[in-house]
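K.L.:
fold the following for me, if possible:
(one chain, ligands or ions: 2)
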Amino acid sequence: MPFEIEIIKPTIGAIIHGVDLNELNTKTLAMIHQALLDYQVIFFRQQNILPRQQANLAQSFGSLHKHPIFPHVEDVPEIIILDSLKQDLRDNELWHTDVTFSQTPPLGCVLQAKKIPAHGGDTFWATGIGAFNTLPVDIRKKLFGLTATHDIRQSFPIERYAKTQQDKDKLLKVFERNPPVTHPVVRTHPITKAPILFVSEGFTTQINELEASESQRLLQFLFQHATQPNLHLRWQWAQGDVAIWDNRCTQHKALFDYGSAHRIMHRATINGDIPF
Ligand SMILES: O=C(O)CCC(=O)C(=O)O
Ligand SMILES: [Fe+2]
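P.N.:
Ligands and ions are numbered 1, 2, ... in the order given. Down below sits the predicted model:
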């Protein structure tokens, strides 16, 4: 079946029609890999894939990451489960780039909607390439050479994620194993060489070279700038939809506006390199 690419916005996003993710061959995979570079986040509507196939698709991009906090699918440890009835998912409501608290943040993720509430639960993605390109020139110049601290504690505050002493001990161990890391404020896409604004509210706590109050002011400005409507898209899920995003050049957030309704997502996270 021929595939067709429907662009969502000039700056970010495309839907790929005519692909069954159960039937991937080298040619289709090459098209998917190229589309990810071209559109930063790509979608496949209502796919019928199992966790193992989702992991295989993700593995075509690189080795897979095991998350230090989220639970995973039985027998497929590379697929994490985000289940609104079992977890506190409010961390995902902040705009964030996944796992930038690591020295080697993920290359990308493959997310599938397993159960979707009747109303709400949309996810947004914003382009870090567009964010950089639309900054005033003087700010762009100022940002080159700056570095920022990314800290897991920002998105997983202990009061919220540790209800029992056992949870607390576990989370403290995770924090110990994941001390704050430093990344460039503007990173370069390793393949396309595009400059990318690489800070997000979820994990970025400080611009290291600036005094605290100036760092806070600049970060607040950059967070707002990067997530403005003309740089982001909003995806309304149907069950089975699959999103793949390039985590090197995007940030995202998931709305938690569906009350006690049940929403389940499965995510495979692809290991990345040290940002430069
Ligand atoms: O639940 C979603 O739509 C996305 C959650 C999220 O931030 C993620 O999977 O990385
Ligand atoms: Fe995320």
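K.L.:
so for stretch 8-18, what gets flagged as buried?
P.N.:
8, 9, 11, 12, 13, 14, 15, 16 (16 or more other C-beta atoms under 10 Å). C-beta here means a position set from N, CA and C on the backbone, and glycine is covered the same way.
K.L.:
doesn't the last one lie inside a helix?
P.N.:
Read that as residue 16. No. Using DSSP: H, G, I helix; E, B strand; the rest coil, the assignment for residue 16 is strand, not a helix.
K.L.:
correct me, but it touches residue 3?
P.N.:
Yes. Here residue 16 lies in contact with residue 3, judged by C-beta atoms under 8 Å, at a distance of 5.8 Å.
K.L.:
tell me the pLDDT of the closest residue to residue 39 other than its chain neighbours.
P.N.:
Spatially, and ignoring its direct neighbours in sequence, residue 39 is nearest to residue 14 (3.9 Å; C-beta to C-beta, 6 or more residues apart in numbering). Looking at residue 14, its pLDDT is 98.
K.L.:
likewise for residue 201?
P.N.:
For residue 201, the predicted pLDDT is 97.
K.L.:
that one contacts residue 224, correct?
P.N.:
No. The pair residue 201 / residue 224 is not scored as a contact, 9.5 Å apart, by C-beta under 8 Å.
K.L.:
compare those two (neighbour count), which wins?
P.N.:
Set side by side, residue 201 and residue 224 show more neighbours around residue 201, with 21 against 11, by other C-beta atoms under 10 Å.
K.L.:
low-confidence ranges in the stretch 1-150 of the chain?
P.N.:
1 (pLDDT under 70).
K.L.:
make it 50
P.N.:
For the stretch 1-150 of the chain, applying pLDDT under 50 flags no range at all.
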